[in-house]
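[1] Return a 3D structure for these sequence lines:
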Amino acid sequence: MLVTLETIAGIRDQFGLNMTVGGSNVSFGLPRRHILNAGFIPAAFYAGLTSAIMGARTAQIVDAARAADLLLGRDEWGTNWIAAYREAKGATA
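    Coordinates of the predicted model:
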């Protein structure tokens, strides 16, 4: 995984390109893949990834991506984070 993150950062730094990767590729064949993917996505965003092919039906992966956007300043004022929270809270009420 470190080579992947270093490659993403290198492409970002050297060429300034947008990048998409399959978020689950780092966990192929491993148990509890969703947890590994949820950890990889924020690290990859920090390294320079601009979009990910990921399990959009897996709440912990989606939450990790939203949290990364917020913490990396990509969700200015936390509007997406708060909207997702309110939507989830409304769905359980």
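[2] all helices for this structure, in order.
    For the chain, the helices defined by DSSP state H occupy 2-15, 33-47, 59-71, 79-92.
[3] Can you say which of the ones you listed is packed in most?
    Mean neighbour count (mean count of other Cβ atoms under 10 Å) peaks for helix 33-47 among those, with a mean of 20. C-beta: built from backbone N, CA, C; applies to glycine.
[4] Now Asp69: closest residue in space, sequence neighbours ignored.
    Distances taken as Cβ to Cβ, 6 or more residues apart in numbering put Asp75 closest to Asp69, at 4.3 Å, once the chain neighbours are dropped.
[5] what's the burial count for the one you found?
    Look at Asp75: counted by other Cβ atoms under 10 Å, it has 18 neighbours.
[6] tell me the contacts of Ile53?
    20-24 (Cβ atoms under 8 Å, 6 or more residues apart in numbering).
[7] swap that for Phe45, sorry
    Going by Cβ under 8 Å, 6+ apart, Phe45 touches 52, 65, 68-69, 72, 74.
[8] Now render those as a markdown table, adding pLDDT.
    Supplementary listing: the contacts of Phe45 in a markdown table, determined by pLDDT from 0 to 100:
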| residue | pLDDT |
| --- | --- |
| Ala52 | 93 |
| Ala65 | 95 |
| Ala68 | 96 |
| Asp69 | 95 |
| Leu72 | 95 |
| Arg74 | 93 |
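[9] what's the closest of those residues to Ala43?
    Closest approach between the contacts of Phe45 and Ala43, by Cβ to Cβ: Ala68, at 8.4 Å.
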